[in-house]
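Visitor: Sequence and predicted structure are below.
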Number of protein chains: 2
Amino acid sequence: MSSQSLLDQLIGALRCLPGVGSKTAQRMAYYLLERDREGGRHLSHIMAEAMERIGRCSCCRTLTELEVCRLCTNPHRDAAQLCVVETPADQTILEQAIDYRGLYFVLGGHLSPLDGIGPREIGLDLLDARLSEGKVKEVILATNPTVEGEATAQYIHDMANARDIRTTRIAQGVPMGGELEYVDGATIAHAFSGRSEF
Amino acid sequence: MSSQSLLDQLIGALRCLPGVGSKTAQRMAYYLLERDREGGRHLSHIMAEAMERIGRCSCCRTLTELEVCRLCTNPHRDAAQLCVVETPADQTILEQAIDYRGLYFVLGGHLSPLDGIGPREIGLDLLDARLSEGKVKEVILATNPTVEGEATAQYIHDMANARDIRTTRIAQGVPMGGELEYVDGATIAHAFSGRSEF
């Protein structure tokens, strides 16, 4: 047994959560112990289960406790469209924001050769096998608009191209509701060169 | 089994933490699953234990997994001084900020008759029994400088007074390092009327 009190151990353990420092961890621990033990019990139970049982979907690589996730097995989704994103969080954001009826492929990162992250590490072998099945007619590249995201998109574009599959890239430009004054130069330049008829 | 995915259940359960909304809960869940499963396992284990095993010290009512907390059983602390605070968090703040060698008594709230919180609910019967033992020579009232905190302090003062025990109240005035311009009127008035020789 540790020489730390259980309360101090709880405060220490809560700090593994992103954005939680010692003050916040203290507040969380006191709150759970004094006002919401039931919530704390429930959270500890669900968290233990989630850490053990959630893995990756064998079809799209998103996080799920199932062998194949619910989205991949949904017969109402259109298997001809495949949207490629970097993370499960990106997938969730797209699902919530748009009325998209196709399927997804979650890379779980981007190509980064210097960090030892090559095509296999982000599941591109699985994606290639998927494309070879012939069901996918359009690959929508929704990787981040960063240098690595662009490189990854380019790599996947070449892969799809070799199989004569159409690829599209989500539009880049000034964000909705933003003010030009506060938009960075690279975005402005991109939006200007990519202008379309009004 | 719930029809919600385990991931959604985890995100929902994380929202029981104070200050955590749906966006933050989502970020926490993805972070734990993608980058720190070990931390998540450890947290779920400690949290389950803490929810079951942490109770109140039978002597000072602070949160502890022991029958009597380490502070109360520490032979180097001075039993003649007893500092009364509202919450375990207040006790921690005092312990960290000052070089106090006496003991504590944690009320776990303040008197609030309208909410059904009377002397017994905040352990004042236990405090009275403690004072009757004759070891305590000074009761330091460190309840919050709010209306309820003041009323609670007054109640404890009367209780101690009946047993001829000295009571002191932590000083109230302008906070250190603050600027008068930003201090509220009630605090200024209190600091002004409570001025001392320079």
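Guide: Thanks, I have the structure now.
Visitor: Could you list the residues in contact with the worst-scoring helix or strand of chain A on mean pLDDT?
Guide: Within chain A, no helix or strand scores below helix A:185-193, which has a mean of 82 by mean pLDDT, DSSP states H and E. Contacts with helix A:185-193, where a contact means Cβ atoms under 8 Å, 6 or more residues apart in numbering or on different chains, come from A:Gln172, A:Gly173, A:Val174, A:Leu180, A:Val183. Every C-beta, even on glycine, is put in place using the N, C-alpha and C of the backbone.
Visitor: switch to 7 Å and redo it
Guide: Applying Cβ atoms under 7 Å, 6 or more residues apart in numbering or on different chains, the contact partners of helix A:185-193 are A:Gln172, A:Gly173, A:Val174, A:Leu180.
Visitor: State the distance from the first one to chain B.
Guide: Same thing as A:Gln172. Taking Cβ to the nearest Cβ, to the nearest Å as the measure, A:Gln172 and chain B are separated by 24 Å.
Visitor: dump the residue contacts of that residue.
Guide: A:Pro145, A:His190, A:Gly194 are the contacts of A:Gln172 under Cβ under 7 Å, 6+ apart.
Visitor: The lengthiest helix in chain A vs chain B: in contact?
Guide: With DSSP state H setting the assignment, residue counts place helix A:37-53 as the longest helix in chain A. Yes. Helix A:37-53 reaches chain B (Cβ under 7 Å from any Cβ of the partner chain) through A:37, A:39-44, A:46-51, A:53.
Visitor: Show me where chain A has its strands.
Guide: A:55-56, A:63-64, A:78-85, A:102-106, A:138-141, A:166-169 (DSSP state E).
Visitor: Could you list the residues of chain A in contact with chain B?
Guide: So far as Cβ under 7 Å from any Cβ goes, chain A lies against chain B at A:5-7, A:9-10, A:13-14, A:16-18, A:26-28, A:30-31, A:33, A:36-37, A:39-44, A:46-51, A:53-54, A:63-65, A:70, A:88-89, A:92.
Visitor: what's the burial count for the nearest residue to A:Gly149 once chain neighbours are set aside?
Guide: Excluding the flanking residues, the one nearest A:Gly149 by Cβ to Cβ, 6 or more residues apart in numbering or on different chains is A:Thr143, at 3.8 Å. A count of nearby residues for A:Thr143, using other Cβ atoms under 10 Å in any protein chain shown, gives 26.
Visitor: now A:Arg41
Guide: Neighbour tally, A:Arg41, other Cβ under 10 Å: 18.
Visitor: Quick one: distance of stretch A:159-168 to the chain centre.
Guide: Computed by Cα atoms, centre = their mean, to the nearest Å, the chain-centroid distance of stretch A:159-168 equals 22 Å.
Visitor: Repeat that for stretch A:15-25.
Guide: 23 Å.
Visitor: Please enumerate residues in contact with it?
Guide: Counting by Cβ under 7 Å, 6+ apart, A:Ile11, A:Leu14, B:Arg27, B:Met28, B:Tyr31, B:Asp36, B:Gly39, B:Leu43 sit against stretch A:15-25.
Visitor: and A:Ile46, how far is that from B:Gly40?
Guide: A:Ile46 sits at a distance of 11 Å from B:Gly40 (criterion: Cβ to Cβ, to the nearest Å).
Visitor: Could you do A:Gly173 as well?
Guide: Taken as Cβ to Cβ, the span from A:Gly173 to B:Gly40 is 38 Å.
Visitor: returning to that earlier point: for the residues of helix A:37-53 next to chain B, give me JSON lines that also has pLDDT.
Guide: Converted to JSON lines, these look like this (pLDDT from 0 to 100):
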{"residue": "A:Arg37", "pLDDT": "95"}
{"residue": "A:Gly39", "pLDDT": "96"}
{"residue": "A:Gly40", "pLDDT": "97"}
{"residue": "A:Arg41", "pLDDT": "97"}
{"residue": "A:His42", "pLDDT": "97"}
{"residue": "A:Leu43", "pLDDT": "97"}
{"residue": "A:Ser44", "pLDDT": "97"}
{"residue": "A:Ile46", "pLDDT": "97"}
{"residue": "A:Met47", "pLDDT": "97"}
{"residue": "A:Ala48", "pLDDT": "97"}
{"residue": "A:Glu49", "pLDDT": "96"}
{"residue": "A:Ala50", "pLDDT": "97"}
{"residue": "A:Met51", "pLDDT": "97"}
{"residue": "A:Arg53", "pLDDT": "96"}
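Visitor: of all those, which two lie farthest apart?
Guide: Farthest-apart pair in the residues of helix A:37-53 next to chain B is A:Arg37 and A:Arg53; separation 24.3 Å (Cβ to Cβ).
Visitor: Neighbour count: those two, which is higher?
Guide: More crowded of A:Arg37 and A:Arg53, by other Cβ under 10 Å: A:Arg37, with 14 against 11.
Visitor: Could you pull up the residues touching that one?
Guide: B:Met51.
Visitor: Span of stretch A:90-110 from start to end?
Guide: When the termini of stretch A:90-110 are compared using Cα to Cα, to the nearest Å, they are 13 Å apart.
Visitor: Buried residues of it, list them for me.
Guide: A:90-92, A:94, A:102-110 (16 or more other Cβ atoms under 10 Å in any protein chain shown).
Visitor: Centre of the chain to it, how far?
Guide: 7 Å.
Visitor: Now it: average pLDDT?
Guide: Mean pLDDT, stretch A:90-110: 91.
Visitor: Equivalent analysis for stretch A:67-79, please.
Guide: 95.
Visitor: Outside of it itself, list whatever touches it.
Guide: A:Cys57, A:Ser58, A:Cys59, A:Cys60, A:Thr62, A:Arg101, A:Gly102, A:Leu103, A:Tyr104, A:Lys135, B:Ser5.
Visitor: All set, thanks.
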